[in-house]
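Novice: for reference, the sequence and a predicted model appear below.
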Amino acid sequence: MADPILGPLMDVTISNVISATTEQLNLAVGFKQELKKFRVVLSMVRGVLQDAEEKKVTGYSDLQPWLKELEYIVDEADNVVDEIAYEHLRYKVAQKQMWKKVSYFFTLSNPLAFRLKIANRIKDLNLDLASLNDWATGLGLQYRLVNKLPEEIEIQQTDSSVGDPSNMVGREKEVPEVVQSLIDSSNDQSLRVVSIVGMGGIGKTTMAKQVCNNEQIRSRFFKIMWVCVSKNFDVKQILVEMWKIVTDDNKVEHMSQDRVVEELREKLEGKAKKEEHEGKKYLLILDDVWDEDSQKLESLRSNLLRIGEKVGGRVLVTTRSKNVASLMGTPPNHIHDLRKLTDEGCWSIIKQRVSVSSSFPSDWEGIGWDIARKCQGVALVANVIGGFLCNNRSKDVWLSIKKNSEEWGSIQEAKGVSRVLQLSFNRLPTPALKQCFAFCSIFPKDFVMEKELLIQLWMGEGYLQPSRKSHKEMEDIGGKYFNDLFSYSLFQDAKKDSYGSIISCKMHDFIHDLAQSVSESQTLILEGSSSSDIAADIQHLEDGSGTDIRHLEDGSGSDILADTRRLEDGSGSDILEDIRHLNLISKKGMAATEMRELRTLFSRVDVFQNKLENFIKVRVLSFSGANIDELPAFLGKMKHLRFLDVSQTRIKKLPKFITKLYHLQTFRFMDCWRIKRHLKGIWDLVKLRHIYFNNGELMPTEIGRLTCLKTLQLFVVGQQKGHQIEELRRLSQLRGKLEIRNLVMVRDKEEAMGARLSKKDAIQELQLVFGVGSSGSEDRCKHDEDILEGL
């Protein structure tokens with residue numbers, strides 16, 4: 001079976017390559033005709049790809065090898081045009097650096113070798129495309145006329161309050177029952193467990209959130225802690241998460257389990273002694289508990305008893321298993337078996353989604369009722385279908401869904417729900433939107449996805465390229481895609497800032513499973529607790545999709561690549577050889593291996609023993625939280641890199657070679673407290689759009705030369721050149737948050753006016769800090785008033 005995301009992925013990449021070749025024809029000295037030919041043939045292949053996608057859906061066989069060959073050709077083309085653009089950027093930077101012109105002449109101003117190399121690569125691509133066309137003809141594939149690149153589709157934007165626990169429907173009687181079980185003071189033991197049991201997608205988590213928002217609950221418990229458990233049941237990790245919530249301290253992993261328990265007990269007892277908390281208890285929600293290991297569950301229960309020995313506590317468990325509820329010590333009268341929603345409840349959810357901003361014709365209601373009945377009482381299905389209907393306000397589409405619902409079959413199990421959810425993905429309106437959704441499979445389940453970060457990752461991957469006629473910024477396109485996926489109910493659990501804007505979200509477990517399934521040949525998440533578990537998961541690749549992995553995550557704590565090298569595919573090659581996207585959460589090292597197709601790397605481990613060839617195509621690189629002390633020199637040769645995050649590492653300096661990453665769009669170095677000096681020459685990063693740091697000493701000098709910047713959250717005013725407030729003058733595209741510190745260094749109103757803050761309309765939050773000596777004297781007060789007026 002062909003990979004369901006492969007077509008959309010290539011469509012996005014082909015669109016980008018066609019656009020890039022059009023823009024770079026003037027740079028193609030010595031190979032312009034070959035590049036023109038390639039653009040024309042690639043446009044034709046894109047038409048054949050459309051026919052392949054349609055035939056794939058209807059079960060047409062033998063397409064996978066053809067699609068994979070096309071994928072390799074398109075990726076190589078993407079790399080070629082990217083290298084042409086990189087050389088052009090390097091030339092522009094060198095032109096500005098007059099003192100480098102002599103050395104530059106011998107390396108780039110006479111780039112015969114580079115032109116010859118690129119020309120040969122393009123000729124090879126043209127030959128490969130010609131062969132691919134002949135192969136397509138033999139498969140019976142036909143050219144479909146593609147008039148233009150995919151246009152942006154306007155999707156009905158859903159109020160983020162839809163789907164919020166406060167708007168929950170169909171559980172009006174059940175929520176008070178759970179609340180009563182938690183607050184009932186009869187037989188008041190030190191620890192009481194209450195469980196909500198039901199199949200996946202039926203609304204257990206949503207119901208638990210509504211319970212937490214109940215006024216009686218908030219008045220009876222002095223601390224409410226929410227811990228997502230899912231399949232990885234680790235007693236210490238649950239206790240650590242509780243600690244983080246109680247103390248707001250993330251530095252706890254080094255503590256023993258007993259120490260964490262004792263510290264938690266002391267902290268909770270201390271809070272309970274406060275007058276306003278007298279007689280109150282703590283409430284712990286353990287969401288989505290799967291593990292039926294009686295020893296683990298008993299261990300957790302005994303530790304919770306120790307923690308609440310004096311203050312007392314309540315535990316609310318959501319689980320699909322009654323056995324888990326019993327093993328956790330839930331009395332039979334406190335096990336709440338969540339029943340299916342009524343047909344009316346499902347229709348209420350659908351109608352709530354569809355009627356967000358406008359009503360629908362009354363004669364559609366009968367169709368809606370028929371669809372609601374097919375939801376079979378599963379809230380998640382009703383919510384997703386409602387999101388789809390909200391964005392497809394056509395009677396024909398509604399009738400199509402009704403017809404398709406006849407084929408859903410039973411959805412009282414995971415496979416049935418997955419069949420229905422696949423519908424929402426299949427009908428997403430653009431390939432780019434499908435790819436953005438599939439990319440989210442790189443994150444673990446229950447992961448909080450920050451909107452701003454996710455958009456920058458999409459941008460780094462190349463999913464947000466505007467059409468030639470569009471004047472939209474990539475960030476705006478990404479924001480629209482994020483909202484679209486939320487509107488389709490593929491994202492949930494929105495967290496908002498003080499202005500009501502969504503800043504983060506999650507995916508339901510079933511939705512995450514969908515993201516994994518549609519990118520099956522690209523993604524592998526290894527969550528085993530032992531090497532044998534890892535080996536079993538990787539062996540599954542050999543039985544299924546083989547060597548086409550793009551995303552890999554390891555939460556095992558073992559040396560993942562040491563394990564995987566023992567497993568080979570039928571040809572004897574390393575099964576990781578074609579990995580595209582890699583997420584390593586393991587605490588141990590990474591053995592050297594061949595991964596020359598790698599495009600994305602999230603790592604908290606040492607990967608630097610690997611060769612440059614393994615990273616040469618990487619677009620997104622994150623070492624956030626990694627146990628590393630320095631960055632390797634070959635990082636400066638990663639020509640394609642768009643996103644770099646070295647936050648929360650132990651590195652002691654930002655190497656000069658970072659300024660050679662001319663394609664870099666996002667650079668994050670938050671909480672890097674060991675670095676003592678800022679990076680000189682950062683203005684060479686002519687494509688940089690977002691820079692993040694919270695150590696004022698690391699603010700780059702002459703940051704005003706980065707005229708593409710859209711994110712600069714901190715600016716520290718200094719008296720020396722390159723740090724004065726006038727550096728903000730040319731940063732006209734700044735948006736979001738901006739904190740300006742040390743305004744005491746601004747001499748007068750006229751100098752303050754040089755920042756031109758009044759012209760930066762996209763800044764939503766502005767914080768002004770004057771610093772030491774900014775108050776007290778009358779002269780200082782007058783100075784501060786003048787500065788404020790000038791700004």
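Specialist: Cool, got the structure. All figures in this text were calculated on a predicted structure; none of them were measured in a lab.

Novice: what is the helix or strand encompassing residue 116 packed up against?
Specialist: In the assignment (DSSP states H and E), residue 116 maps to helix 112-138. The contact analysis (3 or more Cβ pairs under 8 Å, 6 or more residues apart in numbering; DSSP states H and E) places helix 112-138 against helix 32-57, helix 64-96. Heads up, the C-betas are built off the backbone N, CA and C, glycines and all.

Novice: what's the angle from that helix to helix 32-57?
Specialist: 30 degrees (axes from the mean of the first three to the mean of the last three Cα atoms, to 10 degrees).

Novice: tell me the buried residues in helix 112-138?
Specialist: The neighbour-count check on helix 112-138 (16 or more other Cβ atoms under 10 Å) flags 115, 118-119, 121-122, 125-126, 128-129, 132-133, 136 as buried.

Novice: how deep is the closest residue to residue 788 other than its chain neighbours tucked in, by neighbour count?
Specialist: Spatial nearest neighbour of residue 788, chain neighbours left out: residue 768 (7.3 Å); criterion: Cβ to Cβ, 6 or more residues apart in numbering. Residue 768 has 14 neighbours, counted by other Cβ atoms under 10 Å.

Novice: beta partners of residue 768?
Specialist: residue 740 (DSSP bridges).

Novice: isn't it up against residue 784?
Specialist: No - the pair residue 768 / residue 784 is not scored as a contact, 9.4 Å apart, by Cβ atoms under 8 Å.

Novice: so what sits against both of the two?
Specialist: Applying Cβ atoms under 8 Å, 6 or more residues apart in numbering, one finds that residue 768 and residue 784 are jointly contacted by residue 743.

Novice: residue 747: which element?
Specialist: Using DSSP H and E, no helix or strand contains residue 747.

Novice: pLDDT value on it, please?
Specialist: Listed pLDDT for residue 747 reads 87.

Novice: burial count for the residue lying closest to residue 44 once chain neighbours are set aside?
Specialist: Once flanking residues are discounted, residue 44 sits nearest to residue 143: 6.1 Å by Cβ to Cβ, 6+ apart. For residue 143, the neighbour count with other Cβ under 10 Å is 16.

Novice: isn't residue 345 up against residue 174?
Specialist: No - using Cβ under 8 Å, residue 345 makes no contact with residue 174, being 11.1 Å away.

Novice: does the residue nearest to residue 44 belong to a helix or a strand, and which?
Specialist: Counting by DSSP H and E, residue 143 is part of no helix or strand.

Novice: compare the helices and strands packed on helix 112-138 and give me the one nearest residue 333.
Specialist: Using Cβ to Cβ as the measure, helix 32-57 is the one of the helices and strands packed on helix 112-138 that comes nearest residue 333, at 50.5 Å.

Novice: okay, now the unreliable bits of the stretch 201-350 of the chain?
Specialist: Along the stretch 201-350 of the chain, the model assigns pLDDT under 70 to residues 250-253, 275.

Novice: for it, what spans make up the helices?
Specialist: Assigned by DSSP state H, counting those that start in this stretch, the helices in the stretch 201-350 of the chain fall at 204-212, 215-220, 235-247, 257-272, 294-307, 322-327, 343-354.

Novice: okay if I get those as JSON lines plus distance to residue 228 and mean neighbour count?
Specialist: Shown next, in JSON lines, are the helices of the stretch 201-350 of the chain (distance: least, Cβ to Cβ, whole Å; neighbours: other Cβ atoms under 10 Å):
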{"stretch": "helix 204-212", "distance to residue 228": "9", "mean neighbour count": "22"}
{"stretch": "helix 215-220", "distance to residue 228": "19", "mean neighbour count": "13"}
{"stretch": "helix 235-247", "distance to residue 228": "8", "mean neighbour count": "19"}
{"stretch": "helix 257-272", "distance to residue 228": "18", "mean neighbour count": "17"}
{"stretch": "helix 294-307", "distance to residue 228": "15", "mean neighbour count": "17"}
{"stretch": "helix 322-327", "distance to residue 228": "15", "mean neighbour count": "20"}
{"stretch": "helix 343-354", "distance to residue 228": "23", "mean neighbour count": "21"}
